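Colleague: Pasting a predicted model and its sequence here:
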Amino acid sequence: MSWDAAFEAWSAVAPSTLIWVISAVVIAFYLIWAAWVSLSQFDGFRRCETEFAEWLWYTIRAVIVVTVVAAYVRPG
């Protein structure tokens with residue numbers, strides 16, 4: 001019996017499905033994190049605590065992090 005078949009028999013979930021779900025949860029976490037970074041920086045910009053360039057820089061950095069994580073975490 002292979003490892004995949006043994007895992008599926010024990011958990012009733014295919015390993016590929018579990019990998020997909022874990023990947024989706026990780027990507028969703030980073031998307032929420034990027035939204036939080038962008039919104040919190042925008043709130044600082046709105047209150048004149050930060051400049052527009054700082055908000056833009058943090059938002060672009062968050063999007064780049066999400067893109068890199070999504071490239072490495074994608075299933076398949």
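Modeller: Yes, it's here.
Colleague: For the chain, just list every one of the helices.
Modeller: 3-11, 15-46, 52-73 (DSSP state H).
Colleague: would you turn those helices into TSV with mean neighbour count and mean pLDDT?
Modeller: No exception for glycine: its C-beta is placed from N, CA and C like everyone else's. As requested, the helices of the chain are exported to TSV (neighbours: other C-beta atoms under 10 Å; pLDDT from 0 to 100):
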stretch	mean neighbour count	mean pLDDT
helix 3-11	11	76
helix 15-46	14	91
helix 52-73	14	93
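Colleague: so who does Trp33 touch?
Modeller: 62, 66 (C-beta atoms under 8 Å, 6 or more residues apart in numbering).
Colleague: If you could redo that for Glu54, that was the one I meant.
Modeller: Residues counted as contacts of Glu54 (C-beta under 8 Å, 6+ apart) are 41, 44-45.
Colleague: which among the residues you listed gets closest to Ile22?
Modeller: Closest approach between those and Ile22, by C-beta to C-beta: Gln41, at 29.0 Å.
Colleague: Tell me if I'm right that the closest one and Ala53 touch.
Modeller: No - counting by C-beta atoms under 8 Å, Gln41 does not reach Ala53; the two are 10.8 Å apart.
Colleague: could I get stretch 65-76 in CSV with only the CA atoms?
Modeller: Output of stretch 65-76 as CSV, limited to C-alpha atoms (Å, rounded to 0.1, in the frame of the first residue of the first chain):
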residue,chain,number,x,y,z
VAL,A,65,4.9,39.5,-0.6
VAL,A,66,1.5,38.0,-1.4
THR,A,67,2.6,37.3,-5.0
VAL,A,68,5.8,35.6,-3.9
VAL,A,69,3.9,33.5,-1.3
ALA,A,70,1.2,32.6,-3.8
ALA,A,71,3.9,31.5,-6.3
TYR,A,72,5.5,29.1,-3.7
VAL,A,73,2.4,27.9,-2.0
ARG,A,74,0.2,27.1,-5.0
PRO,A,75,-0.8,23.5,-5.2
GLY,A,76,0.2,21.1,-7.9
